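Asker: Model the structure of this input:
(2 chains)
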Protein chains: 2
Amino acid sequence: MKGIPVSSSNVSRVRSGVVGIVGGGQLARMTAPAAIALGVELRVLALSVDESAAQVIPDVRLGAHDDLQALLAFAEGCDVVTFDHEHVPAAYLEAIERTGVAVRPGPKALVHAQDKALMREALSAAGLPVPQWRVVDDVDQLVGFADGVGWPIILKTSRGGYDGRGVWVLRSPDDASDVMSGSVLSTGAVWLAEELVDFTQEIAAQVARSPHGQAVAYPIVRTVQSDGMCADVVAPCPDLSEERAIEAQEIALRIAELLDVTGMLAVEMFDTPAGLIINELAMRPHNSGHWSIDGAVTSQFENHLRAVLDLPLGAPDLLAPYAVMVNIVGQEGDGLSPLHTALRHVLARDPGLRVHLYGKEIRPRRKLGHVTIVGDDVRVLLERAHHAADYLSGAIDE
Amino acid sequence: MKGIPVSSSNVSRVRSGVVGIVGGGQLARMTAPAAIALGVELRVLALSVDESAAQVIPDVRLGAHDDLQALLAFAEGCDVVTFDHEHVPAAYLEAIERTGVAVRPGPKALVHAQDKALMREALSAAGLPVPQWRVVDDVDQLVGFADGVGWPIILKTSRGGYDGRGVWVLRSPDDASDVMSGSVLSTGAVWLAEELVDFTQEIAAQVARSPHGQAVAYPIVRTVQSDGMCADVVAPCPDLSEERAIEAQEIALRIAELLDVTGMLAVEMFDTPAGLIINELAMRPHNSGHWSIDGAVTSQFENHLRAVLDLPLGAPDLLAPYAVMVNIVGQEGDGLSPLHTALRHVLARDPGLRVHLYGKEIRPRRKLGHVTIVGDDVRVLLERAHHAADYLSGAIDE
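Answerer: Residues are numbered from 1 along each chain as shown, chains lettered A, B, ... in the order given. All right, here's what the predicted structure looks like:
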């Protein structure tokens, strides 16, 4: 009953726990509505009061995710600490745990979302389907690997990358020299070389798993990436056999159990003629699950909260045949974005549109928000959602 | 474009307006998720930081709704002021308007939700269907009215009543003497006598209307009252002809236009063999519309925000054949309520259950939260929702 403490100072008030979220981004922001409904008190560790989540959550503590003293002060009084991102050093999470505050997902799980080489190692050892991979120390080792699996190959830094950063496609030994000599690895990172997988489509599986082992699997979604970032998501994936969808859910459930993940786990996979291949993991609510706010009985944000509080999980079922989510991404160019006036126009054009804005300053390639639409006809939903997102971002003006 | 100001100090941040809500109850609390999604900044005027909405909204100003100076200070810097309840004196709202801040709904509309006698007068004058009614100054006038329409009759105070308070069923002149001599009228109130309507069922219509006149109508719901309070709501009303449902929507749309309501309007009606009869009005999100958070494309809270900001309104369509909402009501008895541990049990029993807790201290007859379930079979949904609500309130323990 740890998740549902009775405060001695206020015995008759209904509270379902205090959850601390490290990081003040949009994932923490979108967790707030779920916390409001369940009576869960949120606390957020943010770098400034202007951050996305800090604008909407009353209990904001200022501090950095890599400042041990700030983390310990933040965690004091929380029932559980969880994350908006995966960048907190594992040793610091262990220090929080030693104070008696639960950390979910725990450091032993989270390291597999922080370090892609460790993740590949753990999944390979469990016999799960991953691309051919090798940690390489220099260009010679990389060329040796690439000559074996065939060019081009993918080179990644094991730590510190996101949204396409820290990932390169190499077509020749010269490309390898350019990248490896021109880039500085982040602390603890190594170079990870992987075969370039020839896929039919990219899909994502999301599961929620609680400390006592209950798990639920969301419908498998199709994700389309553009420039290394998630561009749109369709739930459920329109062109996927039921057999392969179940296989994808089982892979995610197996990883959640294998790595002892608590909270939401997203597994990005390549769908290939030869089978599914695991790409990336995220141990938190994920862009591929934003559709669930408006399209599922229980959103990924509520199930993340329920899971880290060890409360029973909610149904992940769709509320409509399809839900489509499209990100609103900051465009190049200076001057004021049209977002302020564009909102009025897109709401007028499409009464079924669900708009989520993150309260961020507009910068190129930044995720500023997303839109979701639910309905029957995927093609029409995609057209409506892309039009609204492009209009909101200023990519189009009619 | 008043609703979407561009702050000169922070020109590139996405903001959709500052909305001040007078009153820190659950309606303001449940508006927060809609504000987070739309990038609307909320400010709440609450009596204490412990109030339901003050727990979850960062910008809390402490003050009373009947303190003019507090109201004026609160309104400064808001784009629009709206309400969690209808108790702000009209003269004070006019004072806010004179400072240039929009008040929505405006005082000329709101007075009809504050004063039942004025409401009856306005609706009668417009030829809308209301019960037979009369303002009575004393027992003699009341007995005269009752002898005409037939005993028993309903006696109400025109102002200050809610959730069954300020409403009596009188069966005899003696009952009338008891009530009228034993009760003190609130400021500006008069006694309102009405015929007791013999109804088949109670229904409610909800519409959102924006300042430039756009309006949307939610599906007509059935409401069941218990002890003067809303007990459960079914959307759409299961036993209502399409013709009568449209008539009910048209009545609500007509009232919204007649009284120049901006924001959400709820019209509670009696469904009788002879036709629809208007019971009460509320000009704000209303208990009869809580189902829309989990059961409609656009919740009543989001459409209230959109309406008061003069943004285009969202689709009110259901996401499932039926949505059922049941209130969690505080029970008699002392000691700690089982709500804290009961939450775990009801979530485990029913993964499709949507729970909304208001963060209130538990007191008898107090609305502490609500549950919603969507699905196909009304009877099953009602059974599941009532069981969960009763278990959460402690009315049952298995």
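
Asker: How much space separates the residue in the stretch 151-300 of chain A that chain B sits nearest to from B:Pro316?
Answerer: Going by C-beta to the nearest C-beta, chain B is nearest to A:Val297 of the stretch 151-300 of chain A, at 5.6 Å. Any C-beta I mention is one placed from the backbone N, CA and C, and that applies to glycine too. Counting by C-beta to C-beta, to the nearest Å, the gap between A:Val297 and B:Pro316 amounts to 19 Å.

Asker: Same question for A:Pro131.
Answerer: The gap separating A:Pro131 from B:Pro316 is 47 Å, by C-beta to C-beta.

Asker: what about the two, which has more around it?
Answerer: Taking other C-beta atoms under 10 Å in any protein chain shown, A:Pro131 and B:Pro316 do not tie; B:Pro316 has more neighbours (22 against 17).

Asker: what about the nearest residue to the more buried one once chain neighbours are set aside, how many residues close to it?
Answerer: Nearest residue to B:Pro316 in three dimensions, chain neighbours excluded: B:Tyr218, at 4.3 Å (C-beta to C-beta, 6 or more residues apart in numbering or on different chains). Applying other C-beta under 10 Å, we find 28 residues neighbouring B:Tyr218.

Asker: OK, contacts around B:Tyr218?
Answerer: If you count contacts by C-beta atoms under 8 Å, 6 or more residues apart in numbering or on different chains, B:Tyr218 has them with B:205-207, B:235, B:289, B:292, B:296, B:300, B:316.

Asker: make it 10 Å
Answerer: B:Tyr218 makes contact with B:204-208, B:235-236, B:249, B:252, B:264, B:266, B:288-289, B:291-292, B:296, B:298-300, B:303, B:316-318, according to C-beta atoms under 10 Å, 6 or more residues apart in numbering or on different chains.

Asker: List phi and psi for it.
Answerer: Backbone geometry at B:Tyr218, expressed as degrees, to the nearest 10, gives phi -80, psi 160.

Asker: measure it to chain A for me?
Answerer: Applying C-beta to the nearest C-beta, to the nearest Å, the value for B:Tyr218 to chain A is 13 Å.

Asker: Tell me which helix or strand comes right after the helix or strand bottoming out on mean pLDDT in chain A.
Answerer: None of the helices or strands of chain A scores lower by mean pLDDT, DSSP states H and E than helix A:339-349, at a mean of 88. Next along the chain after helix A:339-349, taking DSSP states H and E as the criterion, comes strand A:354-357.

Asker: hmm, back to that, out of the contacts of B:Tyr218, which are buried?
Answerer: B:204-208, B:235-236, B:249, B:252, B:264, B:266, B:288-289, B:291-292, B:296, B:298-300, B:303, B:316, B:318 (16 or more other C-beta atoms under 10 Å in any protein chain shown).

Asker: Helix, strand or coil: sort out the residue nearest to the residue of the stretch 151-300 of chain A closest to chain B when sequence neighbours are not counted for me.
Answerer: Among residues not flanking A:Val297 along the chain, A:Ala315 sits closest, at 4.3 Å (C-beta to C-beta, 6+ apart). Going by DSSP: H, G, I helix; E, B strand; the rest coil, the secondary structure assigned to A:Ala315 is coil.

Asker: Pretty sure A:Ala315 sits against B:Asp294.
Answerer: No - A:Ala315 lies out of contact with B:Asp294 (C-beta atoms under 10 Å); the separation is 11.5 Å.

Asker: what about A:Gly129, how many residues close to it?
Answerer: Residue A:129: Pro, not Gly. By other C-beta under 10 Å, the residues close to A:Pro129 number 16.

Asker: got it, and A:Arg61?
Answerer: A:Arg61: 18 surrounding residues under other C-beta under 10 Å.

Asker: for A:Ala176, same thing?
Answerer: Each residue near A:Ala176 was counted by other C-beta under 10 Å, and the total is 26.

Asker: surely it meets A:Asp140?
Answerer: Yes - in this structure A:Ala176 lies within contact range of A:Asp140 using C-beta under 10 Å: 9.4 Å.

Asker: re the thing from before, neighbour count for A:Ala315 and B:Asp294, which is higher?
Answerer: Between A:Ala315 and B:Asp294, counting by other C-beta under 10 Å, B:Asp294 is the more crowded of the two (25 against 15).

Asker: any idea how far B:Val355 is from the more buried one?
Answerer: Separation of B:Asp294 from B:Val355 (C-beta to C-beta): 10 Å.

Asker: joint contacts of these two?
Answerer: Joint contacts of B:Asp294 and B:Val355 (C-beta under 10 Å, 6+ apart) are A:37, B:370-372.

Asker: wait, which of the residues you listed is closest to B:Pro152?
Answerer: Nearest to B:Pro152, judged by C-beta to C-beta, of those is B:His370 at 31.3 Å.

Asker: secondary structure class for the closest one?
Answerer: Classification of B:His370 using three-state DSSP returns strand.

Asker: what does the one 3 residues further on give?
Answerer: For B:Ile373, the assignment made with three-state DSSP gives strand.

Asker: how about low-confidence regions in the stretch 51-200 of chain A?
Answerer: Applying pLDDT under 70 to the stretch 51-200 of chain A flags residues A:161-164.

Asker: For it, which segments are assigned as helices?
Answerer: A:68-75, A:90-98, A:107-114, A:116-125, A:139-149, A:173-182 (DSSP state H, counting those that start in this stretch).

Asker: Can you lay out the ones you listed as TSV showing distance to chain B?
Answerer: Below are the helices of the stretch 51-200 of chain A laid out as TSV (distance: least, C-beta to the nearest C-beta, whole Å):
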stretch	distance to chain B
helix A:68-75	17
helix A:90-98	23
helix A:107-114	23
helix A:116-125	29
helix A:139-149	41
helix A:173-182	31
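
Asker: can you redo those helices as a markdown table with distance to B:Arg344?
Answerer: Listed next are those as a markdown table, based on distance: least, C-beta to C-beta, whole Å:
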| stretch | distance to B:Arg344 |
| --- | --- |
| helix A:68-75 | 23 |
| helix A:90-98 | 23 |
| helix A:107-114 | 23 |
| helix A:116-125 | 32 |
| helix A:139-149 | 50 |
| helix A:173-182 | 51 |
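
Asker: nearest to A:Val49, of these?
Answerer: helix A:68-75 (14.9 Å).

Asker: residues in contact with the spatially most central residue of chain A?
Answerer: For chain A, A:His286 is the residue whose C-alpha lies nearest the centre (C-alpha atoms, centre = their mean; 2.7 Å). Contact analysis of A:His286 by C-beta under 10 Å, 6+ apart lists A:27, A:204, A:206, A:223, A:230, A:233, A:264-268, A:280, A:300, A:304.

Asker: What helix or strand is the closest residue in space to A:Val81 that isn't next to it in sequence located in?
Answerer: Nearest residue to A:Val81, sequence neighbours excluded (C-beta to C-beta, 6+ apart): A:Gly20, at 4.5 Å. A:Gly20 belongs to strand A:18-22 when elements are defined using DSSP H and E.

Asker: That strand pairs with which strands, parallel or anti?
Answerer: With DSSP bridges as the test, strand A:18-22 is paired with strand A:41-46 (parallel), strand A:80-83 (parallel).

Asker: Quick check: which of those strands is buried the most?
Answerer: A comparison of those by mean neighbour count, using mean count of other C-beta atoms under 10 Å in any protein chain shown, puts strand A:80-83 on top with a mean of 26.

Asker: and the least confident helix or strand of chain A with chain B, contact?
Answerer: Yes - residues of helix A:339-349 contacting chain B under C-beta under 10 Å from any C-beta of the partner chain: A:339-349.

Asker: right, and the pair among these with maximum separation?
Answerer: Longest distance between any two of these is 16.2 Å, between A:His340 and A:Arg349; criterion C-beta to C-beta.

Asker: Alright, that wraps it up for me.
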